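K.L.:
please find the sequence and the predicted model below.
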Amino acid sequence: MSFFKKLKEKITGTNETVTEKFKDGLSKTRNSFTSKVNDLVARFREVDEDFFEELEELLLQADVGVETVMELVDQLRWEVQRKNIKNTEGIQSVISEKLVEIYKDGEELDTDLNMQDDLTVILMVGVNGVGKTTTIGKLAARLKEEGKTVMLAAGDTFRAGAIDQLVVWGERVGVEVIRQSEGSDPAAVMYDAIRAAKSRKVDVLICDTAGRLQNKVNLMNELEKVHRVIGKEIEGAPHEVLLALDATTGQNALIQAQTFKEATNVTGIVLTKLDGTAKGGIVLAIRNKLNIPVKFVGLGEGMDDLQPFDPEKYVYGLFADGLEKEAEE
Ligand SMILES: Nc1nc2c(ncn2[C@@H]2O[C@H](COP(=O)(O)OP(=O)(O)OP(=O)(O)O)[C@@H](O)[C@H]2O)c(=O)[nH]1
């Protein structure tokens, strides 16, 4: 059975709304990358070295990243040889299988949030404008919907308007926001917030942080201080440090990730605005280069457009048209 058929079977019966969100959210990448792959397949007919070279180029354009592309195409070469595949018909299914495999390859990455029995503290980090505040709002809404009580800490006391923006989200979602005035010490906000979260017995506290990245030493010092204050109040906290990255910034997102990884113990990535890019291959580059799980992806601006990352639904989103066609046959 082809991988397309297996994937279709696997996805059928899971939450259809979520599957559709991946499909819609990845339409830009699908229309660009996948349609070019289809053209390539139509043009070549035979799988040969020129075909692989052009495929490599397309994967690079989709921001999959050089090393990942090399690995992927090598595996494809091997698979084509092993299965004695001569013509390009059906090759999309093999490509999609390798994409899932390459994501899942190596150390298994836990995409679930590290939830505690009592208070779970999530620290949200990332540079300005990547969609950090929006992500906090969406995540709060999601957790609340799961029946958890949530509180937010307005730890970005540096950027004008950041506190108000978080307060607006708090009102929209219906969760309390702990804040101090602009310019106050973020560590003091965290201290207050933890005290409040403990006394109100909330399940999850999500802490915003400043997103300035003017130099690594400052960033490191600030995050270290916030970390220390939180850890002193609750052993083992923060339980998650989620880094928000903007998918539309491509390879630049990888550079940001590297800097944050050196500054703090990032436990997961939230890749925002995946719907806004034709280069959705960045997910694979992140996986391979950083070895940090992509825990959530932003697939639109709506409250319910933040979804846990699922490699199978992602690949379905990339190849939906061809896959549906094959599944019908
Ligand atoms: N299409 C789309 N837009 C998004 C997504 N996530 C965030 N945005 C938009 O990106 C813009 C910036 O988001 P903000 O949350 O304000 O950015 P920010 O990172 O909080 O900025 P700072 O508070 O300075 O860190 C907003 O217009 C959001 O609606 C997404 O997944 N898809």
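P.N.:
Okay, I see it.
K.L.:
could you pull up the residues touching whichever residue of the chain sits closest to the ligand?
P.N.:
Of the residues in the chain, the one nearest the ligand is Gly298, at a distance of 2.1 Å by Cβ to the nearest ligand atom. (Glycine included, C-beta is placed from N, CA and C.) Gly298 makes contacts with 131, 134-135, 138, 247, 270-275, 305-306, as judged by Cβ atoms under 8 Å, 6 or more residues apart in numbering.
K.L.:
that one bridge partners, please.
P.N.:
When bridges are called by DSSP bridges, Gly298 pairs up with Leu306.
K.L.:
before we move on, back to that, just flag the most distant two among the contacts of Gly298.
P.N.:
The distance between the two most remote of the contacts of Gly298 (Cβ to Cβ) is 15.1 Å, for Lys138 and Ala247.
K.L.:
count of neighbours near Leu143?
P.N.:
21 (other Cβ atoms under 10 Å).
K.L.:
assumed it was part of a helix.
P.N.:
Yes - assessed with DSSP: H, G, I helix; E, B strand; the rest coil, Leu143 lies in a helix.
K.L.:
quick one: the strands in the stretch 51-200 of the chain, in order.
P.N.:
120-125, 150-153, 176-178 (DSSP state E, counting those that start in this stretch).
K.L.:
tell me which other helices or strands the second one touches.
P.N.:
Packing partners of strand 150-153 (3 or more Cβ pairs under 8 Å, 6 or more residues apart in numbering; DSSP states H and E): helix 132-145, helix 162-173, strand 176-178, helix 186-199, strand 204-208.
K.L.:
same deal with the first one?
P.N.:
Strand 120-125 is packed against helix 132-145, strand 204-208, helix 216-233, strand 240-246, with contacts defined by 3+ Cβ pairs under 8 Å, 6+ apart.
K.L.:
repeat for the shortest one
P.N.:
Counting contacts by 3+ Cβ pairs under 8 Å, 6+ apart, strand 176-178 packs against strand 150-153, helix 162-173, helix 186-199.
K.L.:
ok, which of the ones you listed comes nearest Gly317?
P.N.:
When those are compared by Cβ to Cβ, helix 162-173 sits nearest Gly317, at 26.6 Å.
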